[in-house]
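**Q** pasting the structure only:
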């Protein structure tokens, strides 16, 4: 049975601390440092379900709170602060699970802060970045400005994107990932919105969509 999440504390370069959760199954094949989105922390049901599902598939996860979430604020951290938290979380994962292949990324804002950190300077040990709903643009304002830094990311990237995602026009996502060449893998989730929920009329339910996400995430990490 996959291990239950174990609470931990991550020390930031600033000297502050944030909470984390490490979920490591026996004989884990890799570890995914999984950052949350702007609206909900590491304890959100979606985050917990992905961590549990990955554990069942032989992938450990380290979830963590960004400082703003730890402090109970609704205003996301400045990019430099968020990127420092990503680096600290990856370093903590490497310390606790030495020798295990490391991947990073996250849901929406968490994924974007991870790619920004990697673009600024490679995060030690990270083999690839998995993005669960990359927020390409604000809702109703299609643009690719938020993708400009992705050309500076030199590790493989997996983009999991729903066809109804209001923060990622599918044509623009397809163009963006195509422009990144072999470094980028785009997996399109039919009928899913930014939260990876589907309408009843789609013929699928949210659990089935989550299984698709999990199978794709775990498979991609094991390949890399």
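**A** Received it, and whenever you're ready, just let me know what you need. Only a predicted model underlies this, so the values are computations on that prediction, with no experimental measurement involved.
**Q** centre-most residue in this protein?
**A** residue 106 (1.3 Å; C-alpha atoms, centre = their mean).
**Q** any low-confidence regions in the protein?
**A** 1-2 (pLDDT under 70).
**Q** could I get the full set of strands for it?
**A** For the chain, the strands defined by DSSP state E occupy 6-11, 17-23, 30-35, 59-64, 102-107, 126-132, 157-162, 184-189.
**Q** any chance of those strands in a markdown table with distance to residue 219 as columns?
**A** Every residue, glycine included, has its C-beta placed from N, CA and C. Formatted as a markdown table, the strands of the chain follow (distance: least, C-beta to C-beta, whole Å):
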| stretch | distance to residue 219 |
| --- | --- |
| strand 6-11 | 25 |
| strand 17-23 | 19 |
| strand 30-35 | 11 |
| strand 59-64 | 10 |
| strand 102-107 | 12 |
| strand 126-132 | 11 |
| strand 157-162 | 10 |
| strand 184-189 | 10 |
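**Q** could you measure from the closest residue to the residue nearest to the centre of the chain other than its chain neighbours over to residue 146?
**A** Among residues not flanking residue 106 along the chain, residue 35 sits closest, at 3.1 Å (C-beta to C-beta, 6 or more residues apart in numbering). In this view, residue 35 and residue 146 are 16 Å apart by C-beta to C-beta, to the nearest Å.
**Q** compare those two (neighbour count), which wins?
**A** With neighbours defined as other C-beta atoms under 10 Å, residue 35 and residue 146 compare such that residue 35 has more, 30 against 18.
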